[in-house]
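>>> predicted model, plus sequence, below.
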Amino acid sequence: MSIAKIYEDRQKPFWWVKTANGLMLSAKLSWDALDPLLWRDPWRFGPVHVVVAYWNSFLLLTAFAFENLYRAILVARGGDWRDVRKGKNPHALVKQLSSVTTLTDEEISLVRRLETYLLWVGRYTVPWELQTYVDASQEFRESIQGSDLSTATGLYRRLLSLVQSEATVEMFGTD
């Protein structure tokens with residue numbers, strides 16, 4: 001099989017879902033390590049940098065998983081995954097996911113925080129603009145909540161079922 005054919009195959013929903021599943025598994029492992037530290041007394045049960053590392057990893061990996069799953073939905077619907085880059089903000093997860101399913105208030109809260117991690121929290125100490133930092137701080141977008149794993153899992157399953165219901169067998173197969 002040629003490299004060009006492999007490249008073409010890897011754009012099918014199957015591969016986007018496969019990558020998303022791996023990212024969600026990694027996020028869950030971060031959550032499992034974080035859970036016993038965070039919900040007790042994080043300052044007593046582990047160094048702060050360890051808590052922050054697991055916290056950041058969970059949210060950033062979850063955000064990456066949702067980006068991949070959104071691309072799987074686009075491709076399953078006959079679109080091009082590159083279309084995401086055409087907008088002003090290619091990491092606009094709230095807008096993207098809201099375009100394919102109805103989000104609950106709890107899901108919107110989580111997805112806003114995931115979007116913030118994609119844009120800067122997961123990569124930089126501060127965003128480019130002060131106002132972005134002010135807005136994120138006022139809305140607690142660097143936070144984590146005890147329900148985040150279950151909220152993310154529920155939304156993930158719903159999005160995954162969209163891919164599975166819309167993709168043809170050919171979109172999941174490889175030659």
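Perfect, I can see it now.

>>> after the lengthiest helix in the chain, next one along is what?
Secondary structure of the chain read by DSSP state H shows that its longest helix is helix 48-76. Of the helices and strands lying after helix 48-76 in sequence (DSSP states H and E), the nearest is helix 93-98.

>>> list the helices and strands the following helix or strand past that next one packs on?
Once the chain leaves helix 93-98, the next helix or strand it forms, by DSSP H and E, is helix 105-116. Counting contacts by 3 or more Cβ pairs under 8 Å, 6 or more residues apart in numbering; DSSP states H and E, helix 105-116 packs against helix 48-76, helix 93-98, helix 148-166. Backbone N, C-alpha and C define where each C-beta goes, glycine included.

>>> what helices or strands is the longest one leaning on?
On a contact count with 3+ Cβ pairs under 8 Å, 6+ apart, helix 48-76 meets helix 13-38, helix 93-98, helix 105-116, helix 148-166.

>>> buried sites along it?
Within helix 48-76, the residues that qualify as buried are 51, 54-76, counting by 16 or more other Cβ atoms under 10 Å.

>>> again, but for stretch 15-30
Under 16+ other Cβ under 10 Å, the buried positions of stretch 15-30 are W15, W16, V17, T19, A20, L23, M24, S26, A27, K28, S30.

>>> could I get the pLDDT score of the closest residue to V75 other than its chain neighbours?
Nearest residue to V75, sequence neighbours excluded (Cβ to Cβ, 6 or more residues apart in numbering): P13, at 5.1 Å. We have a pLDDT of 88 for P13.

>>> please apply the same query to V169.
56.

>>> picking up where we left off before, which one of the helices and strands packed on helix 105-116 lies closest to L118?
helix 48-76 (4.7 Å; Cβ to Cβ).

>>> that closest one: how far from the chain's middle?
What separates the centre of helix 48-76 from the centre of its chain is 4 Å, taken as Cα atoms, centre = their mean, to the nearest Å.
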